[in-house]
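> 3D, please:
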Amino acid sequence: WEEIPEEHKDKLLIQIDPGTAFGTGKHETTQLCIRQLEKYVKPGVKVLDLGTGSGILGIAALKLGADYVFGTDLDENAITAVHENLAANEIPEEKFGVIQGNIIDDKAVQDEVKYEYYDIAVANILADVIIMLQKEIPVHIKKNGIFITSGIIDMKEEAVKAAFEANDAFEIVEITHQGEWVSVTARKK
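Reported below is the predicted structural model:
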């Protein structure tokens with residue numbers, strides 16, 4: 001849609017058409033998550049992208065060197081958007097699995113996601129959903145795995161922080177801010 005300015009030609013380019021799914025890359029919460037992915041993605045890691053939307057965070061992880069991404073979303077339009085955006089970014093389909101479903105309470109989704117499989121999980125979702133997710137995600141990531149979260153409005157920061165602190169499976173490693181938005185990154189103990 002846009003011409004790339006000359007001064008940005010050397011940067012990582014992700015082409016995204018969200019369709020009716022969430023995630024263009026312009027929102028502060030998406031930027032917060034991508035900055036955290038830049039810190040933690042190493043060649044060969046596997047990433048779980050919760051509420052994948054357009055697939056922007058998973059695609060960013062793959063472009064940063066991740067080996068494989070698996071995404072979940074409640075919205076069936078997200079599945080279509082991910083496939084279209086993989087094609088637009090010339091990423092092979094086998095690098096990014098995606099299913100429609102709710103990992104919080106659907107055993108079939110939990111089983112398909114796999115257990116203790118991912119190095120990193122990322123969720124750019126509402127704070128109340130993150131509070132529920134932080135109970136489920138430890139069984140899906142490896143020991144010392146990283147859980148990157150955003151979509152948290154600043155007035156909900158304390159509630160999300162308290163949920164992570166009450167969960168013996170996690171330790172908070174960083175809290176970052178952009179505008180009125182917050183990202184909480186935790187490590188599985």
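> where does Glu90 fall, helix, sheet strand or coil?
coil (DSSP: H, G, I helix; E, B strand; the rest coil).
> any idea how far Ile34 is from it?
Distance, Glu90 to Ile34, by CB to CB, to the nearest Å: 19 Å. Bear in mind the C-beta positions are built from the backbone N, C-alpha and C, glycine included.
> neighbour-wise, which of those two wins?
Ile34 (23 against 7; other CB atoms under 10 Å).
> so the more buried one is in which element?
Secondary structure from DSSP states H and E places Ile34 in helix 28-40.
> and what of Gly53?
Secondary structure (DSSP H and E) places Gly53 outside all helices and strands.
> Surely it is in contact with Ala78?
Yes. At 5.4 Å, Gly53 counts as touching Ala78 under the criterion of CB atoms under 8 Å.
> Which residue would you name as the spatial centre of the chain?
With distances taken as CA atoms, centre = their mean, Val122 lies nearest the centre of the chain, 2.9 Å away.
> so who does the closest residue to that one other than its chain neighbours touch?
Once flanking residues are discounted, Val122 sits nearest to Ile148: 4.4 Å by CB to CB, 6 or more residues apart in numbering. By CB atoms under 8 Å, 6 or more residues apart in numbering, the contact set of Ile148 is 33, 36-37, 40, 120-123, 183, 185.
> For Gln100, see how far away Ile148 is.
22 Å.
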